[in-house]
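S.K.: next comes the sequence, and after it the predicted model I'd like to discuss.
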Amino acid sequence: MIEIKAKLRRWGNSFGIVVPQKAIEQTKAKEGDEITVLFKRDKPNLRKLFGAHKFSKPTEQLMKEMDEELYND
């Protein structure tokens, strides 16, 4: 298995990628071969992955309380 970077391109109503010749040569793939593509976006949307959280207190207040709890024994 090899890893390549490719840009997704529009082809009519679909999308496709261009596989570099070097990757084809390394894998000895040929026209008509079935391949598997794993999708990974370089910039994940963290809010979408982990959700959004609304705090009842401002962030500055939460940080101050944590500092007091950690450093004022």
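M.R.: Looks like it came in fine.
S.K.: going forward, measure contacts between C-alpha atoms and count neighbours the same way
M.R.: Fine.
S.K.: now the helices for the protein?
M.R.: Under the criterion DSSP state H, the chain contains helices at 21-27, 46-50, 59-71.
S.K.: could you export the ones you listed as CSV, including distance to A6?
M.R.: Compiled in CSV, the helices of the chain are given as follows (distance: least, CA to CA, whole Å):
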stretch, distance to A6
helix 21-27, 11
helix 46-50, 22
helix 59-71, 40
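S.K.: and those, which one's lowest on average pLDDT?
M.R.: Mean pLDDT is lowest for helix 46-50 out of the helices of the chain, coming in at a mean of 76.
S.K.: of the helices of the chain, give the one that comes closest to L8.
M.R.: helix 21-27 (16.6 Å; CA to CA).
S.K.: what comes into contact with that closest one?
M.R.: M1, I2, I4, K30 (CA atoms under 8 Å, 6 or more residues apart in numbering).
S.K.: tell me how many other residues crowd the second one.
M.R.: Yep, that's I2 we're talking about. 6 (other CA atoms under 10 Å).
S.K.: thinking again about what came up before, closest to K64 among the contacts of helix 21-27?
M.R.: K64 has its nearest neighbour among the contacts of helix 21-27 in I4, at 45.7 Å by CA to CA.
S.K.: so how far is W11 from the spatially closest residue to that closest one that is not a sequence neighbour?
M.R.: Nearest non-adjacent residue to I4, counting by CA to CA, 6 or more residues apart in numbering: A23, 7.5 Å away. Separation of A23 from W11 (CA to CA, to the nearest Å): 22 Å.
S.K.: same deal with Y71?
M.R.: 59 Å.
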